[in-house]
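# Let me see the structure of the following:
(one chain, ligands or ions: 2)
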Amino acid sequence: MAQQPLLSLPEFQSVSTGTLLVKEPLNFWGGARVKPKDTKNSEPVYEPATGRVLCDMIPCGEEEVDEAIKSAHSAYLKWSKLSGMERARFMLEAARIIRERRDEIARAEVANNGKSITEAQVDIDVAWQCIEYYAGIAPTLSGQHIQLPGGSFAYTRREPLGVCVGIGAWNYPFQIAAWKSAPAMACGNAMVFKPSPMTPVTAVMLAEIYKEAGVPDGLFNVVQGGAETGGLLCHHPMVAKVSFTGSVPTGKKIMEMAAKGVKQVTLELGGKSPLIIFKDCELENAIKGALMANFLTQGEVCCNGTRVFVQREIMPQFLEEVVKRTKAIPVGDPMCEATRMGALISKPHMEKVLGFIKQAKEQGAKVLCGGEQFVPNDPKLKDGYFVSPCVLDNCRDDMTCVKEEIFGPVMSVLPFDTEEEVLQRANNTTFGLASGVFTRDIARAHRVAENLQAGTCYINNYNVGPVEVPFGGYKMSGFGRENGQVTIEYYSQLKTVVVEMGDVESIF
Ligand SMILES: NC(=O)c1ccc[n+]([C@@H]2O[C@H](COP(=O)([O-])OP(=O)(O)OC[C@H]3O[C@@H](n4cnc5c(N)ncnc54)[C@H](O)[C@@H]3O)[C@@H](O)[C@H]2O)c1
Ligand SMILES: C[N+](C)(C)CCCC=O
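Ligands and ions are numbered 1, 2, ... in the order given. Below you'll find the predicted structure:
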């Protein structure tokens, strides 16, 4: 196994758009970066803001996946024997290192993903907060004592699952790796993580940070690759669980593969979430909420509220203000502090998003602003994948832009008249990840939250995601949860121990 020394993270401090080239191996197991065995299936990875090649993604084959999983298993044997307090100390140290290196990691994330530096910094903050949160939970994991007749008793033990696999999407590369590894590690598991082939750069930085924090070698491993490598992970007999973030079609395949080995699965899938704005809302907040619900990370957010239902009486004021503010969103170099929207993940994805907008116009929607490829003045950004943020009016529920996940900066606005009507329309989807409601009427807010078929309902806000709060879907948006206390149940199993204090009463 060829191993490289740790990459010094501070070298990312000087990264600006168009300057980063990643040459170091991007796999990590056995406590070090590992060079790929075979470079024949390598794929270029692009910097979205410039269209320049940032690095090569070289997929791991069967032998490498097996090495990574065995490395995880040997770490699991040590890690699972530590107390929660001991595990917490390593995790808190990892959180501290991430906090200290926030800007370097954020810059690498921006170069690879294309989102604005302002958002990337928040993502890194959420990552260390998640690790800190689960470090706090690790020492509290405990079982129950149950008294039985005659002095006998039973107790339960919350035990880890073993080697867990994490498979991530490209929109929150570092954060997803933290959301999966933190609860897994708190419960005593080890993890092999596969990032999206489009964003291979930052997960390995997290692996180095865990190593520096002192966790056993092999506790958090990174294998690079796409569908084939993902399949090898899901089928491996030493894997106990797969936690997946990505699209619905891939989620179905993951479930099928995991079913063959009766492995546990968490699926965090896509969405087409409704945001309902009643005429009695505080309009300024509702407008800000609609922008937050649609334009974070260039609209590439699973829980975005992309179907914005506005009560007919306030539609003119809502549209006027939302369009004015959408037009004012600074789109451009994602490394600049003033930028609020960067570049989409890839050229094909940008073309797909523009295709949805074209189709929306053909089906009768009216583009009130944006919806075009945007070429910033800076010559180095001329080949970047920028799209101007778009507001669509005259939308109907049967249009493709209203039914399908676009995963780009496109807000579809739909009028409604009554609460009953809007609830029926909002729930008329196979997705169920998130939802939102703006109203001053407390009773209505809770009634609507109760009746929306989604894993999250935001009242008078949207897309806030504190790590203490569970996150996950209803219907085809998936199952299982990330974040919050409940996620412990998805990374552990309960053993019951029954203790007899008297003699055995046998009927034989
Ligand atoms: N609910 C959430 O938390 C959440 C968060 C982010 C993104 N998403 C969803 O993810 C989608 C966009 O991300 P994407 O394009 O990376 O999704 P994707 O499904 O194409 O890929 C996700 C991951 O699965 C891997 N993969 C693909 N085929 C596989 C297979 N056959 N076996 C094993 N692994 C396989 C990919 O390499 C990648 O790592 C959107 O639908 C979005 O809504 C959901
Ligand atoms: C925007 N949030 C709330 C951070 C969620 C991001 C998770 C998925 O794309």
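
# Name the nearest residue to whichever residue of the chain sits closest to ligand 2, sequence neighbours excluded.
Distances between the chain and ligand 2 by CB to the nearest ligand atom are smallest at Gly465, namely 2.9 Å. (C-beta placed from N, C-alpha, C; glycine too.) Distance criterion CB to CB, 6 or more residues apart in numbering; nearest residue to Gly465, sequence neighbours excluded, is Phe471 at 6.4 Å.

# Also Tyr458?
Gly436 (4.1 Å).

# who touches the one you found in this structure?
Ser273, Pro274, Leu275, Ile276, Gly289, Ala293, Gly305, Cys457, Tyr458, Ile459, Asn461, Tyr462 (CB atoms under 8 Å, 6 or more residues apart in numbering).

# ok, those residues vs ligand 1, which is closest?
Ser273 (10.1 Å).

# contacting residues for that closest one?
Taking CB under 8 Å, 6+ apart as the test, what Ser273 contacts is Ala293, Cys303, Asn304, Gly305, Thr306, Arg307, Phe431, Leu433, Ala434, Ser435, Gly436, Ala454.

# try it again with 6 Å
Cys303, Gly305, Leu433, Ala434, Ser435 (CB atoms under 6 Å, 6 or more residues apart in numbering).

# which SS class is Pro249?
With DSSP: H, G, I helix; E, B strand; the rest coil as the basis, the three-state label of Pro249 is helix.

# returning to what we had before: the residue nearest to Tyr458: which element?
strand 434-438 (DSSP states H and E).

# again, but for Ala68
Going by DSSP H and E, Ala68 is in helix 62-79.

# Please point out which parts of the helix or strand following that helix sit buried.
The first helix or strand that comes after helix 62-79 along the chain, using DSSP H and E, is helix 84-100. By neighbour count with 16 or more other CB atoms under 10 Å, helix 84-100 contains the buried residues Gly84, Arg87, Ala88, Arg89, Phe90, Met91, Leu92, Glu93, Ala94, Ala95, Ile97, Ile98.

# hang on, isn't the third one packed against Tyr134?
The reference is to Ala88. No: the criterion here is CB atoms under 6 Å, and Ala88 misses it with Tyr134 at 8.5 Å.

# State the distance from Asn113 to Leu296.
Going from Asn113 to Leu296 by CB to CB, to the nearest Å gives 12 Å.

# what about the two, which has more around it?
Taking other CB atoms under 10 Å, Asn113 and Leu296 do not tie; Asn113 has more neighbours (32 against 22).

# quick one: the strand holding Gly436 to chain centroid distance?
19 Å (CA atoms, centre = their mean, to the nearest Å).

# Just the CA atoms of it, as PDB, please.
Only the C-alpha atoms of strand 434-438 are listed here, as PDB (Å, rounded to 0.1, in the frame of the first residue of the first chain):
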ATOM      1  CA  ALA A 434     -39.400  19.700   3.600                       C
ATOM      2  CA  SER A 435     -42.200  22.300   3.700                       C
ATOM      3  CA  GLY A 436     -42.800  25.800   5.000                       C
ATOM      4  CA  VAL A 437     -45.500  28.200   6.000                       C
ATOM      5  CA  PHE A 438     -45.600  31.900   6.600                       C
END
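
# Mind checking if that strand is in reach of ligand 2?
No: Strand 434-438 does not reach ligand 2 (CB under 6 Å from any ligand atom); its nearest approach is 8.2 Å.

# Quick one: check that strand for contact with ligand 1.
No: Strand 434-438 does not reach ligand 1 (CB under 6 Å from any ligand atom); its nearest approach is 8.8 Å.

# Can you list the strands that that strand pairs with?
Strand 434-438 sits in its sheet next to strand 274-277 (parallel), strand 456-459 (parallel), going by DSSP bridges.

# TSV for those, including mean neighbour count, distance to Phe508 and mean pLDDT?
Formatted as TSV, these follow (neighbours: other CB atoms under 10 Å; distance: least, CB to CB, whole Å; pLDDT from 0 to 100):
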stretch	mean neighbour count	distance to Phe508	mean pLDDT
strand 274-277	29	62	99
strand 456-459	21	54	98
